[in-house]
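S.K.: Below is the sequence, then the predicted model.
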Amino acid sequence: MGIKKAKPTTPGRRGASFDDFSDITKKEPEKNLIVFRKQKSGRNSQGRITIRHRGGGARRYTRLIDYKRDKFDVPAKVTAIEYDPNRGARIALLQYRDGEKRYIISPTGLKVDSKVVSSKKKIEIITGNAMPIEYIPAGIDVYNVELTPGKGALIARGAGNSVSVMGIEGKFAQIKMPSGEIRLIKKECLCTVGQASNPDKRHIKIGKAGRNRNLGIRPTVRGTAMNPKDHPHGGGEGKQPIGLKHPKTPWGKPALGVKTRKKGKSSDKLIIRRRKKKRR
């Protein structure tokens, strides 16, 4: 993919940039691999807003992605690279020998007519092939990594993400996460060779508020602009600082940089090194 800049005909387009979709080979999705995506506007099953600033946006369908890659030892041909409005990475349409079609998250460099295969045994290290992480040599980048064998990929699914294999230790494989965290996972976990496609997505600039509305993101009001009854940061004459020792949420709990991971989680023993600290 490439990034194209808009002509500065308006203030909104002056700083905006767009995807040129040069890697897309098919416009319409497979009808039997999509389901209608119901708008929830950040509400849970009780109708209460649990994620703020969500709502509206363009109507779109959910593509059914094969995260498990459980059609083992059956070669598949890549018939198309498609755009998915629900994620940054591209998706690849695979057609197996028996005629079945499935979507997978496409790796960088995967081309139409390429052959890929998924197996529980050691197979060739080719971009798009899926196998247990114990068969991946140290230093090779993988994506779509499982945390629990057979449960489906949970790690490194976003555009441009990948996990680096550090080595194998007994029953576990040591991996370096996109965040910089080093942890252990069971060596039977499946992964896909390569890097998730569309790494240039991070360089796209939205440019104007209307594009965010199309994405289903509603306006966000600063706490300092509110009244004291509406937010802990509110009140004061003119533009005032928050006036507290640390930032807080609208409900008075500490925010911005506070660790939210629960202490004593069972997976703590599998984490060798914590992720990098954010620079302020």
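M.R.: Perfect, thanks for sending it. Residues are numbered from 1 along each chain as shown.
S.K.: hey, let's count contacts and neighbours off CA atoms from now on
M.R.: Fine.
S.K.: Could you verify my assumption that Met166 touches Phe172?
M.R.: No - contact status for Met166 versus Phe172: not in contact, 11.0 Å apart, counting by C-alpha atoms under 8 Å.
S.K.: Give me the next element, helix or strand, following the lengthiest helix in the chain.
M.R.: Among the segments of the chain that qualify as a helix by DSSP state H, the longest is helix 209-214. Moving toward the C-terminus from helix 209-214, the next helix or strand (DSSP states H and E) is strand 271-273.
S.K.: Just give the closest residue to Ile136, not the sequence neighbours.
M.R.: The spatially closest residue to Ile136, leaving aside those adjacent along the chain, is Val165, at 7.2 Å (C-alpha to C-alpha, 6 or more residues apart in numbering).
S.K.: ok, Ile185 touching Glu169?
M.R.: No - here Ile185 lies out of contact with Glu169, judged by C-alpha under 8 Å, at a distance of 10.0 Å.
S.K.: more crowded one of these two?
M.R.: Higher neighbour count among Ile185 and Glu169: Ile185, with 22 against 13, using other C-alpha atoms under 10 Å.
S.K.: Next up, the contacts around the more buried one.
M.R.: Taking C-alpha atoms under 8 Å, 6 or more residues apart in numbering as the definition of contact, the neighbours of Ile185 are Leu147, Thr148, Phe172, Ala173, Gln174, Ile175, Leu270.
S.K.: gap between it and Leu94?
M.R.: From Ile185 over to Leu94 the distance is 28 Å, taken as C-alpha to C-alpha, to the nearest Å.
S.K.: In the longest helix of the chain, which residues are buried?
M.R.: Within helix 209-214, the residues that qualify as buried by neighbour count (16 or more other C-alpha atoms under 10 Å) are Arg213.
S.K.: Now Ala196: phi and psi?
M.R.: phi -60, psi 140 (degrees, to the nearest 10).
S.K.: What is the neighbour count of it?
M.R.: 29.
S.K.: partners of it in the sheet?
M.R.: Counting by DSSP bridges, Ala196 forms beta bridges with Pro107.
S.K.: With Ile81 instead?
M.R.: Ala92.
S.K.: for Arg202, helix, strand, or coil?
M.R.: Under DSSP: H, G, I helix; E, B strand; the rest coil, Arg202 falls in the helix class.
S.K.: So it versus Val165, what's the distance?
M.R.: Relative to Val165, Arg202 is positioned 24 Å away (criterion: C-alpha to C-alpha).
S.K.: Quickly find the element holding Gly12.
M.R.: When secondary structure is defined using DSSP H and E, the element that contains Gly12 is helix 11-14.
S.K.: which stretches of the protein have low pLDDT?
M.R.: Low-confidence segments of the chain, defined by pLDDT under 70: 1, 277-280.
S.K.: Domains of it: list them as residue ranges, please.
M.R.: The record assigns the chain these domain ranges, following automatic domain parsing: 3-202, 226-280.
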